[in-house]
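# One predicted model, sequence on top.
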Amino acid sequence: MRLVDAHAHVQADRFAGDLSDVLLAAAAAGVERLLVPGWNLASSRGAVALAHAPAPGAPSIDAAVGIHPHEAAGAGPGREEVAELAADPAVVAIGETGLDYDRAFSPREDQLVNLRWHLALGRRTGKPVILHCRSAPGLRDAQDDLVAELRAAGAGDAAWRERLGGAPPAILHSFSGPVDFAEAALELGLAIGFSGLVFRRGEEPSAQVARIVPPDRLLVETDSPYLSPPGAPKRRNEPSWVAVTARWVAAQRDVEPDALGEALVPAYDAAFRTRTGEQWT
Ligand SMILES: [Zn+2]
C-alpha cells in the first residue's frame, strides 16, 4: 500500500539513536512522503536540517516550521526566526500551531496570538498552516474558536485561495472533534489528517468524518512519537505504523487499502505543493 506520513516529529530526541533504521522501516512499509513539523524554534531548525539531509533509502522528507500552542507563552522572540526559516524551499508548511484547551500549558490568549501570527505567515508565504486542535473531553471550545479564527483570518477567501493555487490554506492535523467541525473546515477548503487518535475513546465522530473528506484533501499521519495506534509500541510510535490508521480510513470509506493509497500521495503533493518524486536539496 502506498503511504504518506503527513505529520511525524522524527527530529525528536527519542529518534536520535536509530533514525536511519526508523526511516528505512517507514520506506519498507510503503511510506513515500514524510512531513516533519517543528513545535518550537529548535525543533523547527531540526526539521529543516532533516529535510536537507535525507538518509539513503528513506522516504522523501519535507519540513514545517512553527510554534505549538503548548509553547505559545513567551514564544514572541522565537517567531522571528521561524519566519526566516519559513522561506527555505524545504519548508512546505507552517506549524504545527493551533489551540489546546485540554492540557492548556499556555494561557488561551497567548495561544490565540500565536495562532493568528501563524495564519498570517501562512497567508503571506502561500504555505498551508498545520493546526493542532484539542478541547477537554466532552467540550468543543477549541474547535469553535479555531473555526472563528480561520474565518477572521480570511481562510477560504478568494485572495488566499489564489495565493495557494488551489492548495488548502490549512490542515487539521490528527483530527479530533465533532462532525460539523470537520464540515466547517472542509467548507473553508482545509485538508484533514487522521492519526492513531481515531482509535481512542471519545473520538468516535472521526469514523463519520473519515467518510466525508474529499480524497484530494485526505491525509494520514502518525504524530510520532505520540498517538501509537493499536499494535504499535506505546513507548514510541514510528512512521511505519501509519499503515494501521490508513487501513482504518480505507475501511470507513469502504475502499480497498491500495485504492486509498493511490490517492494519498497525490493528496500530500497537492496539499504541500511538493515536486512529485523530487528531493529538495
Ligand atoms: Zn504534532
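Thanks, I have it.
# Just say helix, strand or coil for residue 156.
Following DSSP: H, G, I helix; E, B strand; the rest coil, we place residue 156 in the coil state.
# Would you mind measuring from it to residue 247?
For residue 156, the distance to residue 247 equals 31 Å [C-beta to C-beta, to the nearest Å]. Glycine gets a C-beta too; all of them are placed from N, C-alpha and C.
# Output stretch 36-52 as PDB, nothing but the C-alphas.
Below are the C-alpha coordinates for stretch 36-52, written out as PDB (Å, rounded to 0.1, in the frame of the first residue of the first chain):
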ATOM      1  CA  VAL A  36       8.400  16.700   9.800                       C
ATOM      2  CA  PRO A  37       6.800  19.600  11.800                       C
ATOM      3  CA  GLY A  38       8.500  21.700  14.400                       C
ATOM      4  CA  TRP A  39       6.900  22.500  17.700                       C
ATOM      5  CA  ASN A  40       9.300  25.300  18.800                       C
ATOM      6  CA  LEU A  41      12.300  27.100  17.300                       C
ATOM      7  CA  ALA A  42      14.900  24.300  18.000                       C
ATOM      8  CA  SER A  43      12.700  21.500  16.600                       C
ATOM      9  CA  SER A  44      11.800  23.700  13.600                       C
ATOM     10  CA  ARG A  45      15.600  24.000  12.800                       C
ATOM     11  CA  GLY A  46      15.900  20.300  13.300                       C
ATOM     12  CA  ALA A  47      13.100  19.700  10.800                       C
ATOM     13  CA  VAL A  48      14.700  21.800   8.100                       C
ATOM     14  CA  ALA A  49      18.100  20.100   8.700                       C
ATOM     15  CA  LEU A  50      16.500  16.700   8.200                       C
ATOM     16  CA  ALA A  51      14.700  17.700   5.000                       C
ATOM     17  CA  HIS A  52      18.000  18.900   3.600                       C
END
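# Touching that stretch from outside, list them.
Residues outside stretch 36-52 that contact it (C-beta atoms under 8 Å, 6 or more residues apart in numbering): 7-12, 61-68, 70-71, 75, 78, 81-82, 85, 88, 90-91, 93, 95-96, 130, 173, 280-281.
# among those, which are in helices?
Residues of these located in helices (DSSP state H): 78, 81-82, 85.
# Could you tell me which of these count as buried?
Neighbour counting by 16 or more other C-beta atoms under 10 Å classes 82, 85 among those as buried.
# circling back: where strands are concerned, which of the contacts of stretch 36-52 count?
Counted as lying in strands by DSSP state E, out of the contacts of stretch 36-52, are 61-65, 91, 93, 95-96, 130.
# so where is the stretch 1-150 of the chain shaky, pLDDT-wise?
For the stretch 1-150 of the chain, no stretch is flagged by pLDDT under 70.
# For the residue nearest to residue 240 when sequence neighbours are not counted, which residues are in contact?
In space, and not counting its chain neighbours, residue 240 is closest to residue 29: 3.9 Å by C-beta to C-beta, 6 or more residues apart in numbering. Contact analysis of residue 29 by C-beta under 8 Å, 6+ apart lists 3, 239-243.
# hang on, the earlier thing: put together a markdown table for the ones in strands among the contacts of stretch 36-52, with neighbour count and distance to residue 207 on each row.
A markdown table is the format used below for the ones in strands among the contacts of stretch 36-52 (neighbours: other C-beta atoms under 10 Å; distance: C-beta to C-beta, whole Å):
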| residue | neighbour count | distance to residue 207 |
| --- | --- | --- |
| 61 | 24 | 31 |
| 62 | 28 | 29 |
| 63 | 28 | 31 |
| 64 | 32 | 27 |
| 65 | 35 | 32 |
| 91 | 24 | 33 |
| 93 | 29 | 26 |
| 95 | 30 | 25 |
| 96 | 27 | 24 |
| 130 | 33 | 23 |
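# Nearest to residue 265 among the residues you listed?
Within these, the smallest distance to residue 265 is 12.7 Å, found for residue 62 (C-beta to C-beta).
# Hmm, that closest one is touching residue 54, no?
No. The pair residue 62 and residue 54 fails to qualify as a contact (C-beta atoms under 8 Å) at a distance of 9.9 Å.
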